[in-house]
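A.B. asks: Give me a model of this one.
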Amino acid sequence: ICSAIYLQLFAGNVCRTGKGLGIDYRHCMRCNACVSMKDEHHCIPQRLQGNCPICHESMFESTEPLRGLKCGHVMHLSCFSMYMRGHTYTCPLCKKSADDMSEYFALLDSAVRMQPMPPAYAATTSNIYCQDCCKMGNVNYHFVGLKCNHCGSYNTRELQRVDANIMAGMLQGHY
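C.D. replies: Down below sits the predicted model:
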């Protein structure tokens with residue numbers, strides 16, 4: 001695209017981030033936002049046209065700084081800070097992890113390793129749904145958390161808990 005057309009095309013859009021359009025940022029016409037050229041972009045059409053999911057004020061007309069989440073949703077930076085103080089790490093709209101959680105998930109991995117399950121739960125598994133990769137799976141039950149086998153996230157929901165000892169007894173007619 002030639003620079004004259006490029007400037008004309010984006011003349012109505014003001015980007016206040018980075019070195020400029022075409023240098024380290026590009027404008028996504030679908031979500032009407034400037035996005036980094038080096039990061040993966042999760043496009044949500046007209047995402048800035050809606051209201052902040054926390055305070056419900058318009059984001060497009062706001063002069064407050066905005067915070068984009070890993071999933072692509074956006075909220076006011078101050079609302080994000082307040083929301084995260086509540087010890088939640090998921091997007092209030094789609095429930096995906098709001099940010100890179102690898103350090104936190106590594107702490108959970110350590111906690112799982114340090115706290116083996118009691119013998120009564122050794123054969124217990126859980127059917128889970130992962131909020132981050134949207135896949136289902138079967139994992140060993142642990143009270144610290146249920147880790148997705150597909151993406152390594154602990155942002156999972158338990159759908160069903162199965163005790164293999166009880167299942168074996170039912171199959172043998174003991175229950």
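A.B. asks: Any idea how far the helix or strand encompassing residue 26 is from the middle of the chain?
C.D. replies: Residue 26 belongs to strand 25-28 when assigned by DSSP states H and E. Computed by Cα atoms, centre = their mean, to the nearest Å, the separation of strand 25-28 from the middle of its chain amounts to 22 Å.
A.B. asks: Repeat that for stretch 150-161.
C.D. replies: With Cα atoms, centre = their mean as the basis, stretch 150-161 stands 13 Å off its chain's centre.
A.B. asks: tell me the mean pLDDT for the longest helix belonging to the chain?
C.D. replies: Longest helix in the chain by number of residues (criterion: DSSP state H): helix 102-114. Across helix 102-114, the average pLDDT comes to 96.
A.B. asks: all strands of the protein, in order?
C.D. replies: Taking DSSP state E as the criterion, the chain carries its strands at 25-28, 33-36, 66-68, 74-76, 124-130, 136-140, 156-163.
A.B. asks: Quick one: work out the angle between the longest one and strand 124-130.
C.D. replies: Meaning strand 156-163. 160 degrees (axes from the mean of the first three to the mean of the last three Cα atoms, to 10 degrees).
A.B. asks: Distance from the chain centre to strand 156-163, please.
C.D. replies: For strand 156-163, the distance to the chain centre is 20 Å (Cα atoms, centre = their mean).
A.B. asks: Identify each buried residue in that strand, please.
C.D. replies: Buried residues in strand 156-163, counting neighbours by 16 or more other Cβ atoms under 10 Å, are found at 156, 163. (Glycine included, C-beta is placed from N, CA and C.)
A.B. asks: quick revisit: just tell me which of the strands of the chain ends up closest to residue 104.
C.D. replies: Closest approach to residue 104 among the strands of the chain (Cβ to Cβ): strand 156-163, 13.8 Å.
A.B. asks: Which elements pack onto the strand holding residue 26?
C.D. replies: The contact analysis (3 or more Cβ pairs under 8 Å, 6 or more residues apart in numbering; DSSP states H and E) places strand 25-28 against strand 33-36.
A.B. asks: contacts for the longest helix of the chain?
C.D. replies: Residues outside helix 102-114 that contact it (Cβ atoms under 8 Å, 6 or more residues apart in numbering) are 89, 142, 144, 145, 147, 152, 153, 154.
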